[in-house]
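Trainee: Here's a sequence, model it:
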Amino acid sequence: MEMVAQKFESFQQIKDEEYHYWQSLPASERIAAGHQMSVEGYRAHGYSTDGRELKTVAVRLQREPR
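Mentor: Okay, the predicted model is just below:
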C-alpha cells in the first residue's frame with residue numbers, strides 16, 4: 001500500500017476528504033471497518049471481544065397514549 005501525505009488548508013477540507021474516502025469504499029468494507037474500530041475500542045478499555053464482560057441494561061420507555 002502506497003502512503004501519501006496531503007496538506008490541507010482547513011479542518012473542513014480534512015473532513016470533506018475523509019467523507020469522500022469512506023464513501024468511495026463498498027458498504028461491506030465500511031461495515032467491516034466499523035466493526036474493527038468497535039473491537040479495538042473495547043480492547044483498549046480492557047474488554048474481550050466476545051462481550052462476556054459487558055453488562056446488559058434493559059431500559060423501558062413510557063409514552064403518552066395517542
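
Trainee: ok, the spatially most central residue of the chain - contacts?
Mentor: Centroid-nearest residue in the chain: Gly34, 4.2 Å away (criterion: CA atoms, centre = their mean). Gly34 sits next to no residue when contact means CB atoms under 8 Å, 6 or more residues apart in numbering. Every residue, glycine included, has its C-beta placed from N, CA and C.

Trainee: Ser38: which element?
Mentor: helix 27-44 (DSSP states H and E).

Trainee: In this structure, where is pLDDT below threshold?
Mentor: 49, 51-58 (pLDDT under 70).

Trainee: can you do 90?
Mentor: 1-4, 6, 35, 38-66 (pLDDT under 90).

Trainee: how close does Phe11 sit to Gln23?
Mentor: 19 Å (CB to CB, to the nearest Å).

Trainee: Next: Ser10.
Mentor: Ser10 is 20 Å from Gln23, by CB to CB.

Trainee: before we move on, what about Lys7?
Mentor: 22 Å.
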